[in-house]
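Enquirer: Using only what follows, build the 3D model:
(2 chains)
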Amino acid sequence: MTLRIFTAFLFCVLACSALAQEKPHVFRGATIYPIEGSPVENGILVVLNGKIVAVGPAATVTVPADAVVHNVPGKVIMPGLVDTHTHLGGGDGGDQSAPLQPDVRILDAINVRSDNLKKAVAGGITTANIMPGSGHLMSGQTAYVKLRRANTINDMLVCSDPINDICGGMKMANGTNSIRSAPFPGTRAKSAALVRQLFVKAQEYRAKVQAAKGDPAKMPKRELDMEALVQVLEGKRIVHHHTHRHDDILTVLRLAKEFGFRVVLHHVSEAWKVADEIAKAGVPSSIIVLDSPGGKLEAVNIRWENGAALEQAGALVGFHTDDGITDSRLFLRSAAFGVRSGMSREKALEAMTLAGAKMLDLDHRIGSLNVGKDADFIILSGDPLSLYTHVEQTWVEGQKVFDRSNPDDYKYAVGGFDVFRESVHVDACEEGGAQ
Amino acid sequence: MKQAPEHTAAPLHYFIIRHSAFNIRHCFSLLLMLALLFFVATPSAAQVAVRGETMYTMAGEPINDGVVLLRGNKIERVGPASQVSIPSGYNVLSAKVVTPGLIDARSVIGLAGIYNVAHDQMQLETSSPIQPELRALDAYNPQEALVEWVRNLGVTTLHTGPSPGALASGSTIIVKTTGKTVNEALVDSVGMVAFTIGSSVSQNFRSPGTKSKSIAMIRSEFFKAQDYAAKMNEKDPSKRPARDLKLDMLSKVLAGEVKALFTAQTATDITSVLRLQKEFGFKLVFDGAAEAYLVIDEIKKAGVPVIIHPTMVRTGGELRNASMETAATLKKAGIPIAFQSGYESYVPKTRVVLFEAAIAIANGLPWNDALAALTIEPARLLGIEKRVGSLEAGKDADVVLFDGDPFEYTTRVCGVVVNGVVVSETCR
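Expert: I've put the predicted structure just below:
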């Protein structure tokens, strides 16, 4: 026992001293897109202990004497990308037993060794909202993760205590995905009625909790689904709502207003039809860029102009990959297509970073290169919106998690046999499929 | 489309002169009507000239300040503006960059539709694994929304047909992306016959359940077709067998009249197809070929061109080893390549060859080779290089206009001309 305590003590001393001795890293000469503020030519970024400690033009930033200096002239540095809706890690959420499963947590199902997590950092993504599927009205609790090098899911979560903290949002969906045979709804009206009934129940549960005034004897019996929904009702857990068609979008706004929950619209294929209504409701939209419309009835009218329409209406816009619907390695393409179809460069880049951070309630920590924020950033070979630009390095909290010049990382950026050599025995079971 | 455009313009002028004595109100409304008519009619009514700050003809070096004069549905002249003057009265479209119409070398658009519901998914018949007699001709919907989608992004020629997934799924067609009927759209009614070797076949059929069985079944059918072809050559008609559509089509493949388009993704499957080709001697084109980079020498030695999988294809299943660098690797090895939109079972419902080529450039394919793999290379591969694939006098008047580098994400396609008709002038 004594030995174990001593070992723990020794470990702590070593770990703490390692932290204390960490040298500042200085990135010098790049064009810096801080997102909050104009681009800085020949800028300097200084990071220490996982945080940004200085950022600005070379003339105004003092380089610490003991710093590790990275000269990156001609490169572009911007905040790590925030993917507000992805399915990295191969997890699944709710099962077929019920259309509403708020008790289910995706964090219980994420495989941190999935190849797609490595592809995501190759695409410059540093923070992700990992979602359970959209086949339910409520598929479960999402997980906000940092794409740190991870051995267990705990190493990735943004929250520090997965048992007691709120570690993500709540995934909901309407439209056709969740319309199936019983116990799932058969119509849109039934879908909304089921959701309303559950929220009414949650309101009653919340009233009981409030009436107990902290007295354990008076508290209602613990119910996992109700507890999660109370967090939603109290605005502590954000609803991430898959929705495509204009009328379905308005249904989400109606329900959010009735129950007062905070919501982010996801996909929002027909946002261009109801952009003003979305903006007026003050609800953010996380949109996806697809190379063509269709593939499902609700996405037939999706437009690249969604970003511009929402920007012009004054709504907050972010992007997502919905990986594997689109490839995390090509996430920056979303912003470029936004600009192609009328978004401003500023808002398009903000949509990849700060807007997404806001949608996850993480803008105090990430989304822009500001002193005090997490040192999550990417180094690009050129203009963020250009085809010819590659993500060269991805850093999360001051740690390099992707380096294109490293052959082991490179193969995840481009694909190919060696990438999968380790997992061929697994893939052999799932061969086929795509066609 | 065959109507000479200038003839539609002439009566309009006649009309205006004849009615010029009418009272002012009539005249005004007539003018308004004429203006409207003119607005609607102009794109097809006037002779069209396309002028580009940079013009990639794909038949020689790019031309600075180039001009293409179109006459009817053909290209009349191509050259620098200093040598090719634009006659008055021409409808002149100008752009930063001008290229030939793009060719999608392997698609299912028109058989597979945008809605993804049973009635618009005609890309794969699963009643039997070998049905080369099925014709895309009988299933192509020229008014499909996805045809318009890719057309607006520069695709003027589509090689489309059944999807992969059956040992032999039918014959493809080559069409232009306009035309309200398949006959109007048609370039070639029988493009190739589509075959697939790979585990995807066994997902669609009880048998073949294995790759070995797949090859055995195909070999058996080819032997039947050889036998059938020999008997069909009997001088005595009474000794000839009854006509069999399946064996007819396979005989054409074996005789080299129709190319065999083999979808094969893994190195094992690519090698098996090369073995089949050696045994039966058909004309072979590879589709997909995700692991082609592992068997480069074998493909090159066999002289087989590759319609490479979409660069952004999802890397799962048989495509788990797909690399965004394969287009560059194949080209470097001297293997002819062309780009395809492929088959998508969900969202997005189709890919766009322009975007697939772009990602290949970002991953090592030289810019010029990428444009060639969207134009003249697929034209050759499809045997239609006398009609399309480059901007040359006498070829089809298929032209695309861009407001910048065609492959750059933020560049828009700002004009598309198919068979001399301006089908889009909106920047997208």
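Enquirer: Strands along the stretch 151-300 of chain A, start to end?
Expert: Counting by DSSP state E, counting those that start in this stretch, the stretch 151-300 of chain A has strands at residues A:170-173, A:239-243, A:263-267, A:285-287.
Enquirer: sorry, that was for the stretch 1-150 of chain B
Expert: Ranges of strands in the stretch 1-150 of chain B, per DSSP E, counting those that start in this stretch, are B:48-55, B:63-71, B:74-80, B:91-100, B:102-107.
Enquirer: I'd like those as CSV, with mean neighbour count, distance to chain A and mean pLDDT appended.
Expert: (Glycine included, C-beta is placed from N, CA and C.) Supplementary listing: the strands of the stretch 1-150 of chain B in CSV, determined by neighbours: other CB atoms under 10 Å in any protein chain shown; distance: least, CB to the nearest CB, whole Å; pLDDT from 0 to 100:
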stretch, mean neighbour count, distance to chain A, mean pLDDT
strand B:48-55, 23, 17, 98
strand B:63-71, 21, 22, 98
strand B:74-80, 18, 28, 98
strand B:91-100, 21, 14, 98
strand B:102-107, 30, 11, 98
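Enquirer: can you tell which of these is closest to residue A:303?
Expert: The stretch from the strands of the stretch 1-150 of chain B with the least distance to residue A:303 (CB to CB) is strand B:102-107; that distance is 21.8 Å.
Enquirer: Need the contact partners of that closest one.
Expert: Contact with strand B:102-107 is made by B:150, B:154-161, B:172, B:261, B:287, B:307, B:338-343, B:350, B:353-354, B:374-375, B:378-379, B:381-382, B:388-389, B:400, as judged by CB atoms under 8 Å, 6 or more residues apart in numbering or on different chains.
Enquirer: residues from the stretch 151-300 of chain B in reach of chain A?
Expert: For the stretch 151-300 of chain B, the contact set with chain A under CB under 8 Å from any CB of the partner chain comprises B:163, B:164, B:165, B:196, B:198, B:199, B:200, B:202, B:203, B:291, B:293, B:294.
Enquirer: from these, which single one is nearest residue B:319?
Expert: Of all these, the one sitting nearest residue B:319 is residue B:291; the distance, using CB to CB, is 9.0 Å.
Enquirer: how close does that closest one get to residue B:318?
Expert: When distances are taken as CB to CB, to the nearest Å, residue B:291 and residue B:318 turn out to be 9 Å apart.
Enquirer: List the residues that contact residue 352.
Expert: Going with chain A. A:81, A:82, A:318, A:319, A:331, A:332, A:334, A:335, A:384.
Enquirer: nope, chain B please
Expert: Residue B:352 makes contact with A:291, A:292, B:149, B:150, B:153, B:155, B:341, according to CB under 8 Å, 6+ apart.
Enquirer: before we move on, what about residue A:174?
Expert: Residues counted as contacts of residue A:174 (CB under 8 Å, 6+ apart) are A:137, A:188, A:191, A:192, A:195, A:241, A:242, A:243, A:248, A:251, A:252.
Enquirer: try residue A:177
Expert: With CB under 8 Å, 6+ apart as the criterion, the residues that contact residue A:177 are A:134, A:135, A:242.
Enquirer: a markdown table for those, including pLDDT?
Expert: Listed next are the contacts of residue A:177 as a markdown table, based on pLDDT from 0 to 100:
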| residue | pLDDT |
| --- | --- |
| A:134 | 81 |
| A:135 | 92 |
| A:242 | 98 |
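Enquirer: just those residues now: which is nearest residue B:231?
Expert: Out of the contacts of residue A:177, the one with the shortest distance to residue B:231 is residue A:135. That distance is 54.9 Å, counting by CB to CB.
Enquirer: Please report the distance of the closest one from chain B.
Expert: Distance, residue A:135 to chain B, by CB to the nearest CB, to the nearest Å: 13 Å.
Enquirer: Could you check how many residues crowd around that residue?
Expert: Neighbouring residues of residue A:135 were enumerated by other CB atoms under 10 Å in any protein chain shown; the total is 19.
Enquirer: got it, and the one 4 residues further on?
Expert: Applying the criterion other CB under 10 Å, we find 29 residues in the vicinity of residue A:139.
Enquirer: For the stretch 1-150 of chain B, which segments count as helices?
Expert: B:5-18, B:24-45, B:145-152 (DSSP state H, counting those that start in this stretch).
Enquirer: And these, which one averages the lowest pLDDT?
Expert: Ranked by mean pLDDT, those bottom out at helix B:5-18, with a mean of 34.
Enquirer: Give me the phi and psi for residue 331.
Expert: Going with chain A. Dihedral pair for residue A:331: phi -60, psi -40, per degrees, to the nearest 10.
Enquirer: Ok, the one 10 residues further on next?
Expert: Geometry field for residue A:341 lists phi and psi as phi -110, psi 30, criterion degrees, to the nearest 10.
Enquirer: if we can go back for a sec, tell me which of the strands of the stretch 1-150 of chain B lies nearest to residue A:406.
Expert: Of all these, it is strand B:102-107 that lies closest to residue A:406, at 35.1 Å by CB to CB.
Enquirer: which parts of stretch B:216-224 are buried?
Expert: Taking 16 or more other CB atoms under 10 Å in any protein chain shown as the neighbour-count basis, stretch B:216-224 is seen to contain the buried residues B:217, B:218, B:221, B:222.
Enquirer: so the third one is in which element?
Expert: If you go by DSSP states H and E, residue B:221 is part of helix B:211-232.
Enquirer: which secondary structure elements does that helix contact?
Expert: When contacts are defined as 3 or more CB pairs under 8 Å, 6 or more residues apart in numbering or on different chains; DSSP states H and E, helix B:211-232 packs onto helix B:199-204, helix B:245-254, helix B:267-280.
Enquirer: What is the end-to-end distance of stretch B:332-346?
Expert: For stretch B:332-346, the first and last residues are 33 Å from each other (CA to CA, to the nearest Å).
Enquirer: My error: substitute stretch A:177-194 in the last question.
Expert: Its start and end residues considered, stretch A:177-194 measures 15 Å (CA to CA).
Enquirer: what does the average pLDDT come to for it?
Expert: Model confidence over stretch A:177-194, given as mean pLDDT, is 96.
Enquirer: Look up the closest residue to residue 386, ignoring the ones flanking it.
Expert: Went with chain A since none was named. Counting by CB to CB, 6 or more residues apart in numbering or on different chains, residue B:408 is the residue found nearest to residue A:386 once chain neighbours are left out, at 6.5 Å.
Enquirer: not what I meant, chain B
Expert: Nearest non-adjacent residue to residue B:386, counting by CB to CB, 6+ apart: residue B:395, 7.4 Å away.
Enquirer: and what of residue A:306?
Expert: For residue A:306, the nearest residue in space outside its immediate sequence neighbours is residue A:271; the separation is 4.3 Å by CB to CB, 6+ apart.
Enquirer: residues near the one you found, how many?
Expert: Look at residue A:271: counted by other CB under 10 Å, it has 28 neighbours.
Enquirer: on that earlier part again, same list (the helices and strands packed on helix B:211-232) but as a markdown table, adding mean neighbour count and mean pLDDT.
Expert: As requested, these are exported to a markdown table (neighbours: other CB atoms under 10 Å in any protein chain shown; pLDDT from 0 to 100):
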| stretch | mean neighbour count | mean pLDDT |
| --- | --- | --- |
| helix B:199-204 | 21 | 95 |
| helix B:245-254 | 21 | 98 |
| helix B:267-280 | 19 | 98 |
